[in-house]
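just a sequence and a predicted model for now, questions to come.
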Amino acid sequence: MLKERARFISRLLFLSDILLTILSFILAYWARQFFFSEKFGRLFPLSQYFQLLPIIILVWAFFLHFHKTYKSYRTLPLLREFWDLLKVTLCSGLFLILFVFTVRHQFVSRLFIGTFLIINFVVLCLERGAIRLLAQYVRRRGRNYRNVLVVGTGQRAIRLVKKIEENAHWGLKVEGLIDKYPSFVGEEIEGVKVIGILENISRVVRERVIDEVIFSVPRKWLDEIEEPILACEELGIQVRLAADLYNPIIGRMSLGELEGIPLLTLSTTSQHLGRLYIKRFFDIVISSFSLIMLSPIFLVTALAIKIDSSGPVLFRQKRVGLNGRTFTFYKFRSMVKDAEEMREQIEHLNEMSGPVFKVRDDPRLTRVGRFIRKFSIDELPQLFNVVRGDMSLVGIRPPIPDEVEKYETWQRRRLSMRPGITCIWQVGGRNTVNFEQWMKMDLSYIDNWSLILDLKILLKTIPAVLFKSGAM
């Protein structure tokens with residue numbers, strides 16, 4: 001019954017979102033007419049713009065479900081819900097802009113679309129905020145609560161109870177605790193009474209109004225909770241199993257499934273597929289666009305390299321990528337033809353600590369090579385690596401296999417994310433930092449990765465290249 005009600009509410013909310021999106025479209029039309037018609041001219045009749053509504057409804061419906069905006073936000077902060085709505089608006093808006101300019105709807109201006117997206121985001125946020133206020137109002141009057149039975153009396157269970165009590169807006173109320181031993185029945189732990197034991201959980205659930213049971217038990221209880229879980233399942237009571245069974249130092253835990261098999265995932269990198277897809281989408285779009293726009297520079301550089309010295313235009317090298325995958329790495333050749341064979345002769349000139357080899361005034365550099373390195377032009381062919389999926393625009397710099405073999409255990413974690421053309425190391429000191437600092441900067445990027453961080457690094461890369469900060 002509760003699941004059916006949740007589905008019904010989700011459908012109503014979806015219908016409301018679509019209607020508000022249509023309303024936002026109409027409001028954007030009138031706002032554009034009222035505030036900007038004198039400066040930018042009047043729009044065509046509103047009826048002409050209605051041909052976009054079917055596309056808008058389909059796109060918004062897809063991204064509203066793709067970003068899972070109809071999951072329960074009962075225990076999540078309002079800002080998290082607003083963030084999900086912002087992702088929906090941005091992704092849908094980007095698709096709408098691409099569609100408009102692909103089919104060449106000349107009557108649809110960028111100002112009109114921008115106005116529509118802003119109004120749509122604000123209206124959807126007001127809707128969700130109003131729903132939360134209404135839910136809190138109802139709960140203050142003792143309604144819309146879910147009665148919870150917590151199985152466990154240890155530190156994890158008590159922490160869970162405190163979280164529930166501190167967040168009354170979740171609409172959860174702890175009815176009692178369940179312990180393994182009869183001697184604990186009747187005792188109060190942190191103000192909550194132990195009302196039963198594992199063996200008689202079925203009777204407790206039948207005698208009381210319980211909406212869901214949360215198992216927050218120590219690891220040594222895991223062999224004994226199967227029957228209580230099956231008993232709750234037989235009674236049609238929702239069951240949750242607290243997954244904080246371990247205390248990882250770095251990794252983040254998430255739940256999923258593999259063909260019906262529940263899996264507890266421990267990962268040190270982001271598992272937000274939506275954000276990773278957006279990152280990949282922009283990698284492909286920006287790299288492809290850059291390859292087209294920079295083609296004259298590619299041609300001039302290739303000719304200069306050929307005229308200046310013998311050897312191939314491109315330097316190819318095996319590099320290590322995501323989780324140890326090897327790939328062919330491309331750069332414009334900036335050194336003499338036999339540079340790799342000459343490396344042993346200049347090992348004593350290495351200016352970097354650790355397994356990395358860097359020489360500021362490398363004698364193997366050609367005249368053209370010195371110039372293209374100063375302005376990072378030699379890095380441009382890596383855009384092909386990005387398009388192919390070996391690399392990203394932003395990530396950690398891909399090492400060579402010999403360097404990876406010399407890594408300490410903690411340093412190998414930098415291979416857990418797709419490598420990139422630019423990174424924190426390049427914009428935050430580059431060759432002025434030692435190897436260990438470099439590794440720590442890369443791990444900090446992995447631990448704190450976000451689309452905003454990528455954008456900041458890309459923006460900082462431009463002055464770093466122009467002013468040649470730390471370049472070798």
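That came in fine, so what should we check first? Numbering: from 1, shown residues only.

pLDDT of the helix or strand containing R275, averaged?
According to DSSP states H and E, R275 maps onto helix 273-293. Averaging pLDDT along helix 273-293 yields 88.

run through who's touching that helix.
Residues from elsewhere that reach helix 273-293, judged by CB atoms under 8 Å, 6 or more residues apart in numbering: 66-67, 87, 91, 270, 298, 383-384, 386-387, 389, 392-393, 450-451, 454. Yep, even glycine has a C-beta here, placed from its N, CA and C like the rest.

show me which of those residues are buried.
67, 87, 91, 270, 298, 383-384, 386, 392-393, 451, 454 (16 or more other CB atoms under 10 Å).

report the buried residues of stretch 109-118.
Buried residues in stretch 109-118 (16+ other CB under 10 Å): 109, 112-113, 115-117.

repeat that for stretch 413-426.
Buried residues in stretch 413-426 (16+ other CB under 10 Å): 413-415, 417-426.

strands of this protein, residue ranges please.
Assigned by DSSP state E, the chain shows strands spanning 146-151, 172-179, 188-189, 192-197, 212-215, 238-241, 252-258, 261-267, 314-320, 326-332, 392-394, 420-422.

so, low pLDDT: which residues of the stretch 301-450 of the chain?
Within the stretch 301-450 of the chain, the stretches with pLDDT under 70 are 344, 348, 350-354, 356-357, 359, 428-432.

make JSON lines out of the buried residues of stretch 109-118 and add distance to F35 and pLDDT.
JSON lines is the format used below for the buried residues of stretch 109-118 (distance: CB to CB, whole Å; pLDDT from 0 to 100):
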{"residue": "S109", "distance to F35": "13", "pLDDT": "73"}
{"residue": "F112", "distance to F35": "11", "pLDDT": "78"}
{"residue": "I113", "distance to F35": "15", "pLDDT": "82"}
{"residue": "T115", "distance to F35": "9", "pLDDT": "87"}
{"residue": "F116", "distance to F35": "14", "pLDDT": "88"}
{"residue": "L117", "distance to F35": "16", "pLDDT": "91"}
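
now the residues you listed in a markdown table, with distance to G311?
Shown next, in a markdown table, are these (distance: CB to CB, whole Å):
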| residue | distance to G311 |
| --- | --- |
| S109 | 52 |
| F112 | 54 |
| I113 | 50 |
| T115 | 55 |
| F116 | 55 |
| L117 | 51 |
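
for V174, give the beta-bridge partners.
Beta-bridge pairing of V174, defined through DSSP bridges, involves V148.

which ones are touching it?
148-150, 161, 164-165, 192.

closest to I97 out of those residues?
For the contacts of V174, the closest approach to I97 (CB to CB) belongs to I164, at 43.6 Å.

nearest residue to the closest one other than its sequence neighbours?
L172 (4.9 Å; CB to CB, 6 or more residues apart in numbering).

and what of T366?
S309 (4.7 Å).

so how many other residues sit close to N434?
13 (other CB atoms under 10 Å).

er, L349 I mean
13.

I'd like the distance between it and V192.
With distances taken as CB to CB, to the nearest Å, L349 is found 69 Å from V192.

do L20 as well
L20 is 41 Å from V192, where distance means CB to CB.

I97 now?
With CB to CB as the criterion, I97 and V192 are 53 Å apart.

of those two, who's got more company?
Counted by other CB under 10 Å, I97 and V192 do not tie: V192 has more neighbours, with 20 against 15.

does the residue nearest to T366 touch R370 like I think?
No. Look at S309 against R370 with CB atoms under 8 Å: they stay out of range, at 11.8 Å.

please name the nearest non-neighbouring residue to S24.
N120 (3.9 Å).

so what's the residue count around that neighbour?
26.

show me the contacts for it.
20-21, 24-25, 28, 89.

apply 10 Å and report the result again.
By CB atoms under 10 Å, 6 or more residues apart in numbering, the residues touching N120 are 17, 20-25, 27-28, 56, 60, 85, 88-89, 92-93.

looking at those residues, spot the one nearest E187.
L85 (45.1 Å).

measure the closest residue to that closest one other than its chain neighbours to T69 for me?
Spatial nearest neighbour of L85, chain neighbours left out: L124 (5.0 Å); criterion: CB to CB, 6+ apart. Noted for L124: a distance of 9 Å to T69, by CB to CB.

circling back: save the buried ones among the contacts of helix 273-293 as CSV, and put in distance to A130 too.
Listed next are those as CSV, based on distance: CB to CB, whole Å:
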residue, distance to A130
H67, 20
K87, 21
C91, 24
S270, 32
F298, 54
L383, 47
F384, 50
V386, 43
S392, 40
L393, 40
L451, 28
D454, 34
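
domain assignment for this protein?
If you go by automatic domain parsing, the domain ranges for the chain are 2-140, 146-247, 273-466.

how far out from the middle of the chain is the first one?
When you say that, I think you mean domain 2-140. 22 Å (CA atoms, centre = their mean, to the nearest Å).

how much space separates R418 from G395?
Counting by CB to CB, the gap from R418 to G395 is 5 Å.

pull the contacting residues for V122.
Per CB under 10 Å, 6+ apart, neighbours of V122: 24, 27, 85, 89.

ok, of the buried residues of stretch 109-118, which one's closest to E212?
Of the buried residues of stretch 109-118, the one sitting nearest to E212 (CB to CB) turns out to be L117, at 38.2 Å.

returning to that earlier point: let's see if you can find the most crowded of the contacts of N120.
Of these, with other CB under 10 Å as the count, W60 tops at 27 neighbours.

was I right to think that one contacts F121?
No. The pair W60 / F121 is not scored as a contact, 11.5 Å apart, by CB atoms under 10 Å.
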